[in-house]
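Student: After the sequence you'll find the predicted model.
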Amino acid sequence: MQFKIPRDNDKYQWTAHSVMKMRQYGLSAQRILRVVRAPHRKEEGIVKKTVAVMQPVSFKTDKEGKRTWGSEIWVMYQLKRIKNKELGIKDNNSKKNILNSQFSILNSASQKIRIISAWKYPGVSPKNNPVPEDILRELEDIV
């Protein structure tokens, strides 16, 4: 299988480290984005101001109907604010010009998700620090 390097766009930015880890673990950009958009578990990342999300590779259902899995895919990402210059807005220190501009800034349009790392965890990882509710609401608006 040929590995395709993901491209940065207006919503996602990929670090060289994340691309290296995707190649190492055989993960596609589409699979990483699926984990980010629909995680099974969200936790605070080990790096400041990051979020770690997990999705099981595949579920198995036992006789009691409990869902279990053998390995997990984790993605660590960070929200990055986009500067006015990157949006194509001239900064004249006038909020009226920015708000009336054709490039009106919305919360979701002024932030990018920077994919920092991705990895496979063999087995079921222990639960650590869950992400606070206010952060989860903000992330849901963006994703």
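Tutor: That came through, no problem.
Student: contacts for stretch 7-16?
Tutor: The contact list for stretch 7-16 (CB atoms under 8 Å, 6 or more residues apart in numbering) reads 6, 29, 33, 80, 109, 112-117. All C-beta atoms are positioned from the backbone trio N, CA, C, and that covers glycine.
Student: now whichever strand or helix holds R114, how far from the centre of its chain.
Tutor: Here R114 sits within strand 111-122, counting by DSSP states H and E. Computed by CA atoms, centre = their mean, to the nearest Å, the separation of strand 111-122 from the middle of its chain amounts to 6 Å.
Student: Output the contacting helices and strands for that strand.
Tutor: strand 12-14, helix 16-25, helix 29-37, strand 71-81 (3 or more CB pairs under 8 Å, 6 or more residues apart in numbering; DSSP states H and E).
Student: that older thread, turn the contacts of stretch 7-16 into JSON lines, including pLDDT and neighbour count.
Tutor: Formatted as JSON lines, those follow (pLDDT from 0 to 100; neighbours: other CB atoms under 10 Å):
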{"residue": "P6", "pLDDT": "94", "neighbour count": "18"}
{"residue": "A29", "pLDDT": "96", "neighbour count": "19"}
{"residue": "L33", "pLDDT": "96", "neighbour count": "17"}
{"residue": "K80", "pLDDT": "85", "neighbour count": "13"}
{"residue": "A109", "pLDDT": "58", "neighbour count": "14"}
{"residue": "K112", "pLDDT": "91", "neighbour count": "20"}
{"residue": "I113", "pLDDT": "95", "neighbour count": "21"}
{"residue": "R114", "pLDDT": "95", "neighbour count": "17"}
{"residue": "I115", "pLDDT": "96", "neighbour count": "26"}
{"residue": "I116", "pLDDT": "95", "neighbour count": "20"}
{"residue": "S117", "pLDDT": "94", "neighbour count": "19"}
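Student: Before I go, just wanted to say thanks for your time.
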